[in-house]
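K.L.:
sequence unavailable; structure follows:
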């Protein structure tokens, strides 16, 4: 009788099975540290090790099945272990970047001439950078720092002078130096902002000068790159480029003053600054776009050349008289040109014009007077009988005189303004009088130059 083969000792586990179990335990410990991926691999290896150990016991077919299943589980664990894992990380995505309408920023106003006087609380207007972020990651994104790189920083020219001793220090998110060139400067600030996993959140920033005059009312123009640092990201998160105005409402006030005073050189200077800023691609504020459009509209020539409206008369007089009067109306100016019968102009001679402006429903007057050997010009003003006529005082008017001739010009924005960038399209010069204004309170009429015939003057 043949003796059965001795069975392995039940307490002896093959080395490979023990190794599988040890590896499985180590992997499971790693899984307990937070990796679901590792936990699955550990479970598969534990099962594979257990089946590998049981393959040494029982019937032959059972050992075969155990070995096969152990091999399949081991292969599955290897495949799963080789698969990429999804790590826990924050991932920011820009949802929206915009420059918002002006909002107020707290500020302190102080007087440089009275250093002991405490500053007063106030507010200033500024555009704001509005950033909307989405966190596509599976953990919160912490933003500890924001910074800007200044690409363009210029203050528009004041078209009305002034400055004053009152200064303001505003609480901008980023304060840009004003005395040294700022282009290329990087300005950072520490913040504390968090976007939760899967959430959308919004934060805003403001940019302005470190110090500014309160009375000058002239805005700063900035183009800046905005960047954020978040979580463990090695590279800053580029938000975008913005073109903004600090104290944007002052830009319109400055433009209107230039228009009214006829300071087109100042308008041209500021238009050039704005054009230079527009050479940089950026998200721009609506106020900046409006200011650009208004400067271009004011500086654009009339669609058609204005024609000169004239009236002449042959006086055949040896005494002083006006032989011809001509007028030209453009977007920028009203010009009057006179030809005299003699080059000799007595002291105190005055030309007085009464002008009807139907678009404004106003009766106006304009005068020029010959004093101390030269012609002087007054403002275009309301025709108020209770007020003396003034033929002097218009510093922005131009005067060109020659023997036997005179041409005077006045800016139209001050008195013939219909809107912020348009003047009237037509005036009617109803009366032209040559006067002896030696007695300014009661000038004597020497000549009715247009003989009561109105002269209609059109812009085109």
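P.N.:
Sure, I can see it. Given the structure is predicted, the values throughout are model-derived calculations rather than measurements.

K.L.:
what about the chain, any weak spots by pLDDT?
P.N.:
For the chain, applying pLDDT under 70 flags the ranges 1-42, 44-68, 70-71, 73-74, 76-87, 161-165, 181, 315-317, 420-421.

K.L.:
okay, now the domains of it?
P.N.:
By the record's domain assignment, the chain is partitioned as 15-82, 92-299, 309-458 (automatic domain parsing).

K.L.:
so which bits of the one helix or strand residue 122 maps to are buried?
P.N.:
Using DSSP states H and E, residue 122 sits within strand 120-135. For strand 120-135, burial by neighbour count (16 or more other C-beta atoms under 10 Å) applies to 122, 124, 125, 126, 127, 128, 129, 130, 131, 133, 134, 135. In this view, the C-beta of every residue, glycine as well, is placed from N, C-alpha and C.

K.L.:
what ranges do the strands span in the stretch 101-250 of the chain?
P.N.:
120-135, 141-155, 166-170, 174-176, 186-195, 200-209, 212-213, 220-229, 237-246 (DSSP state E, counting those that start in this stretch).

K.L.:
please state the offset of the last one from the chain centre?
P.N.:
In this case it means strand 237-246. Distance of strand 237-246 from the chain centroid (C-alpha atoms, centre = their mean, to the nearest Å) equals 9 Å.

K.L.:
report the buried residues of that strand.
P.N.:
Of all the residues in strand 237-246, those buried under the rule 16+ other C-beta under 10 Å are 237, 239, 240, 241, 242, 243, 244, 245, 246.

K.L.:
check contacts around the second one.
P.N.:
Residue 239 is in contact with 94, 97, 129, 131, 226, 227, 228, counting by C-beta atoms under 8 Å, 6 or more residues apart in numbering.

K.L.:
distance of it from residue 130?
P.N.:
Taking C-beta to C-beta, to the nearest Å as the criterion, residue 239 is separated from residue 130 by 10 Å.

K.L.:
for the last one, same thing?
P.N.:
With distances defined as C-beta to C-beta, the gap from residue 246 to residue 130 amounts to 16 Å.

K.L.:
so the closest residue to residue 379 other than its chain neighbours: helix, strand or coil?
P.N.:
Sequence neighbours aside, residue 394 is the residue nearest to residue 379 in space, at 4.9 Å (criterion: C-beta to C-beta, 6 or more residues apart in numbering). At residue 394, secondary structure determined by DSSP: H, G, I helix; E, B strand; the rest coil is coil.

K.L.:
quick one: residue 394 and residue 414 touch, right?
P.N.:
No - in this structure residue 394 lies outside contact range of residue 414 using C-beta atoms under 8 Å: 9.1 Å.

K.L.:
comparing those two, which shows the higher neighbour count?
P.N.:
The residue with more neighbours, out of residue 394 and residue 414 and counting by other C-beta atoms under 10 Å, is residue 394; that gives 23 against 18.

K.L.:
hmm, back to that, what do residue 239 and residue 130 both touch?
P.N.:
Residues touching both residue 239 and residue 130 by C-beta under 8 Å, 6+ apart: residue 97.

K.L.:
the strand holding residue 122 - contacts with which helices or strands?
P.N.:
Contact here means 3 or more C-beta pairs under 8 Å, 6 or more residues apart in numbering; DSSP states H and E; on that basis strand 120-135 packs against strand 92-111, strand 166-170, strand 186-195, strand 200-209, strand 220-229, strand 237-246.

K.L.:
just checking: what are the partner strands of the second one?
P.N.:
Looking at strand 166-170 with DSSP bridges, its partner strands are strand 92-111 (antiparallel), strand 212-213 (antiparallel).

K.L.:
next, the angle from the longest one to strand 120-135.
P.N.:
When you say that, I think you mean strand 92-111. 180 degrees (axes from the mean of the first three to the mean of the last three C-alpha atoms, to 10 degrees).

K.L.:
pull out the buried residues from strand 92-111.
P.N.:
92, 97, 99, 102, 105, 107, 109, 110.

K.L.:
nearest to residue 451 among these?
P.N.:
residue 102 (56.0 Å; C-beta to C-beta).

K.L.:
any idea what the closest residue to that closest one other than its chain neighbours is bridged to?
P.N.:
By the measure of C-beta to C-beta, 6+ apart, the closest residue to residue 102 outside its immediate chain neighbours is residue 125, 4.3 Å from it. Note on residue 125: beta-bridge partners by DSSP bridges are residue 104.

K.L.:
list the contacts for residue 125?
P.N.:
Residues counted as contacts of residue 125 (C-beta under 8 Å, 6+ apart) are 102, 103, 104, 105, 247, 248, 249.

K.L.:
thought the fourth one was touching residue 123?
P.N.:
Yes - under the criterion of C-beta under 8 Å, residue 105 is in contact with residue 123, at a separation of 6.4 Å.
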